[in-house]
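**Student:** need the 3D shape of this:
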Amino acid sequence: MAEQLVLVVTVTALCMISPGPDMLLVMRNTLVRDRHYGALTALGVLTGNLIHIGYCVVGIAVLVSQSPVLFQVLRIAGWA
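**Tutor:** Numbers count the residues shown, from 1 in each chain. So this is what the prediction gives:
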């Protein structure tokens, strides 16, 4: 179990630190145009991420509030 947890944490950390398409877009706009356009692109990417995180959290909250079984499962999983 501990080995699987270490593997999941390692893979997740590597995915988080690797540049993705959004980072490449920010770098491109910064290099081709200037820092202002790079900052605007980064702001757009962050806004999109916040919206995505927001509707995921709201969706999970709705699911948990409508399903007592799912709430119990998440509560037990968070405790363990």
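**Student:** what mean pLDDT does the helix ranked longest in the chain have?
**Tutor:** Of all the segments assigned as helix in the chain under DSSP state H, the longest by residue count is helix 35-66. Across helix 35-66, pLDDT averages out at 89.
**Student:** could you check the host helix or strand of Val26 and say which residues are buried?
**Tutor:** Element membership for Val26, per DSSP states H and E: helix 21-32. Neighbour-count burial for helix 21-32 flags Val26, Asn29, Thr30 (criterion: 16 or more other Cβ atoms under 10 Å). The C-beta positions use only the backbone N, C-alpha and C, and glycine is treated the same way.
**Student:** which strands and helices sit next to that helix?
**Tutor:** helix 35-66 (3 or more Cβ pairs under 8 Å, 6 or more residues apart in numbering; DSSP states H and E).
**Student:** so what secondary structure elements neighbour the helix it packs on?
**Tutor:** helix 21-32, helix 68-79.
**Student:** which of those helices has the lowest average pLDDT?
**Tutor:** Per-segment mean pLDDT for the helices and strands packed on helix 35-66 reaches its minimum on helix 68-79, at a mean of 85.
**Student:** for that helix, which outside residues touch it?
**Tutor:** Under the contact criterion Cβ atoms under 8 Å, 6 or more residues apart in numbering, helix 68-79 has outside partners Leu63, Val64, Ser65.
**Student:** just the buried subset of those, please.
**Tutor:** Members of the contacts of helix 68-79 classed as buried by 16+ other Cβ under 10 Å are Val64.
**Student:** export the contacts of helix 68-79 to JSON lines and tack on distance to Trp79?
**Tutor:** What follows is those, written out as JSON lines (distance: Cβ to Cβ, whole Å):
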{"residue": "Leu63", "distance to Trp79": "19"}
{"residue": "Val64", "distance to Trp79": "15"}
{"residue": "Ser65", "distance to Trp79": "19"}
